[in-house]
Structure formats: C-alpha cells, structure tokens
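Chemist: What follows is a predicted protein model with its sequence.
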Amino acid sequence: MVLTLSELARLVDGDVVRGELDLLIDGISSLDEAASTELSFLGNEKYRSQYLVTKAGAVIVPRGTEDGPEGCALISADHPSQAFSKAVAHFVSAVARRFTPGIHPRAIVDEAAKLDPDKVRVHAGAVIMAGAVIGDGSEIGPNSVIYEGVRIGHDCFIQANVTVRERCILGDRVTLQPGVVIGSDGYGYEMVDGRHKKVDQVGIVVIGNDVEIGANSTVDRARFGRTVIGEGTKIDNLVQVGHNVQIGKHCLLIALTGIAGSSHFGDYVVAAAQVGVAGHVKIGSKAMLGARTGVTADLEGGVTYGGNPARPIMEEQRSRAHYKNLPKLAERVKALEKKLGDQDGA
C-alpha cells in the first residue's frame, strides 16, 4: 500500500514540484489532520489557510502552485480533487467492497424470481418476490425488499433496508444507499363528499444507468406512466422526487431537495440543498439552483438562480443587498418625517 512520491505522482497523473522522489506515503487525510506520511490535496482556495500550515507529507495542488508549508512535498495536477480520488482508491482498496456471489440462507427468494445464484449476492433478511429479475453482478443488501416484477440491471448495489416497489426498473450500475424507497405511491388525493379520496397510483419508476441515490431518499411511482431518473444522475440523502417527475441525465439533486409531481428537469441541472420545486414546472438543461431556491414557474437553462421565487442570481443578490439596507433606510425616512413635522409645526 505504501507508495513513493514518484510512484504517487504517476498514479494521479501529476508532476512532482517539490520533495524527495523516494519519500514514502502510506495514507490519505484532510489538510488539517494529515500526518507527515500522509497525502492531502488543495482543491478549493477556501482551504488555503489550512494548506499553509498542514503537517501532511505531500499535497496535490493545482498546476502553477509552488508555495506551500515548509517540508511538505508538492504534486501538481490539472484537477487536484480528481487526482486525490485516484490516491484514495489506492489506499482504501484493502477495505473496498468485495463482491462474493451467493444467496444467504436467511434470505427469501421466490421460486418465480429470475436470478443466477452464482452471479448475484443476496444478504440475510432480503426478500425478492415473484417475477423480479436481478442482473448478474448485482447485490441485494440485508433486509431489502424487491417487489413483484421489478427489473434490476447488471452490477447494481442495493444496500441495506431498501425497498423497490412493484414493476419498477433499474438500469445497470445503479447504487441505492440504505433506506431508499423506489416506487412508493405518489401523493395524490381528490376531495369527494368532504373527504380526501386516494387517487390510484399505477405507474412505475424507471432509473437509468449509473444513477446513485442517497440514504433515505424517495422516488414516487407515477400516477400513470413513468417517473424517470436519467442516466448518471446523482441524488443526495433525504431528497424527495414526486410522481411523474422527469429528471434528465447527469443531474445533481442535493440534500433535502423536494420536487413536486410532474415537474421536468433537463440534463445537467444542479439543485443545491433544500431546493423546493413546485409541480408541473420545467427547468432547462444546465440550470443551477442555489441553496433554498424556490421554483414556482418554468426556468430557462444555462442560468444560475437563487431566491424564492427563483430569479437569476445577480438579480437576487442585488435584492438581498437592498434588503440589508432597509433598517438604515427606515431610520432615514423616520428622521426626514421628524424634520418635516418640525417644519410644519414651526
């Protein structure tokens, strides 16, 4: 596992800027916690103050960076974060996931389910119901439930306590973190004779290849048709996707974001933490929604938005600046009113 500085530079496609080529590095850590035999990285100028006092043995830095803490070796790279990820993959390989096929004796697999026990792994307590299809290389975690007619592609990782409801479809290399629920009923009710009557939710969820969905997130089945999560999209923890929502390819949906029914996202949309999207709106490709943005109407793609209701970020920042000045303006108005009142009384 130990690498010399020169071996490490080759591994991460970087160049040694400073340091002895035979320096030994045996692990990875953050800038503020790294020891003299560990590697860290500077990927954001926000952490430069930590970088300048780090005790790390070596740091991956952006190209052109030559200054740094005394005694610290430097490796330059075009993308320090990506380069560091390669080092992480090397140093954690000993504890990385190992796929060992087989069905645990305490798992329940219906005879009508379709899977090759020599090519899939099913953990204790998992339930796979009739008609479900599990692709080769896929793993079903402890206490997860795969309902009737579900189709799961190749090399998927369904972690512990996940539920995938009836007839939903997962592509290849999909990862569902613990507690994810795919295909629960959409939130639909109609008022009939003074009571809320449930609207049948008979559609499915379709998840594209290479999607990852974070812990305790939920994707509701469509009222009819499909709720879609596009290829390569990454969903954080505690995100809700409502019924009939269409999420494009390679989107990022970040913590506590909620998307109401029948909304459409283009490709490469980013929804930062706690974004709220109303139902039946369309958001164009490559739009970026800042934290706590509230979307109530269609938005063009390629624009960064903020605020509630959402508007272009520069416009929102100007409004915030004016808002901060309101107390001073109020005092000025109050002073002017007093002055005018004194004049009228003179």
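Modeler: Good, I have the coordinates.

Chemist: For stretch 268-281, measure first residue to last.
Modeler: Stretch 268-281 has an end-to-end distance of 17 Å (criterion: Cα to Cα, to the nearest Å).

Chemist: dump the residue contacts of Leu39.
Modeler: 8, 25, 27-29, 56-60, 84, 87 (Cβ atoms under 8 Å, 6 or more residues apart in numbering). All C-beta atoms are positioned from the backbone trio N, CA, C, and that covers glycine.

Chemist: 6 Å - rerun?
Modeler: Leu39 makes contact with 25, 28, 58, 87 under the criterion Cβ atoms under 6 Å, 6 or more residues apart in numbering.

Chemist: Can you get me a residue count around the third one?
Modeler: Translated: Ala58. 29 (other Cβ atoms under 10 Å).

Chemist: doesn't Gly71 make contact with it?
Modeler: No - Ala58 is beyond contact range of Gly71, at 10.5 Å (criterion: Cβ atoms under 6 Å).

Chemist: And the closest residue to Gly266 other than its chain neighbours, how far from Glu316?
Modeler: Leaving aside its chain neighbours, Gly266 sits nearest to Ser285 (3.2 Å; criterion: Cβ to Cβ, 6 or more residues apart in numbering). Plainly put, Ser285 is 21 Å away from Glu316 if you go by Cβ to Cβ, to the nearest Å.

Chemist: For the two, indicate the residue with more neighbours.
Modeler: Glu316 (19 against 16).

Chemist: And that one, its phi and psi?
Modeler: Dihedral angles of Glu316 (phi, psi; degrees, to the nearest 10) stand at phi -60, psi -40.

Chemist: what does Ala73 give?
Modeler: Dihedral angles (degrees, to the nearest 10) for Ala73: phi -70, psi 150.

Chemist: hey, what's it bridged with?
Modeler: Per DSSP bridges, the residues bridged to Ala73 are Ala58.

Chemist: Among the contacts of Leu39, name the ones in strands.
Modeler: 25, 28, 58 (DSSP state E).

Chemist: CSV for the residues you listed, including distance to Gly125 and pLDDT?
Modeler: Below are the ones in strands among the contacts of Leu39 laid out as CSV (distance: Cβ to Cβ, whole Å; pLDDT from 0 to 100):
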residue, distance to Gly125, pLDDT
Ile25, 41, 97
Ile28, 34, 95
Ala58, 44, 97
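
Chemist: Tabulate these (JSON lines), appending distance to Val245.
Modeler: Output for the ones in strands among the contacts of Leu39, formatted as JSON lines (distance: Cβ to Cβ, whole Å):
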{"residue": "Ile25", "distance to Val245": "45"}
{"residue": "Ile28", "distance to Val245": "38"}
{"residue": "Ala58", "distance to Val245": "45"}
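
Chemist: between these, which is nearest Val120?
Modeler: The shortest approach to Val120 among those belongs to Ile28, at 32.2 Å (Cβ to Cβ).

Chemist: Show me what the closest one is bridged to.
Modeler: Beta-bridge partners of Ile28, counted by DSSP bridges, are Leu39.

Chemist: correct me, but it touches Phe91?
Modeler: Yes - between Ile28 and Phe91 there is a contact under Cβ under 6 Å: 5.2 Å.

Chemist: Gly208: neighbouring residues, count only.
Modeler: Gly208: 22 surrounding residues under other Cβ under 10 Å.

Chemist: Distance of it relative to Val270?
Modeler: Distance from Gly208 to Val270, by Cβ to Cβ: 17 Å.

Chemist: remind me, longest helix of the chain?
Modeler: For the chain, the longest helix by residue count, based on DSSP state H, is helix 326-345.
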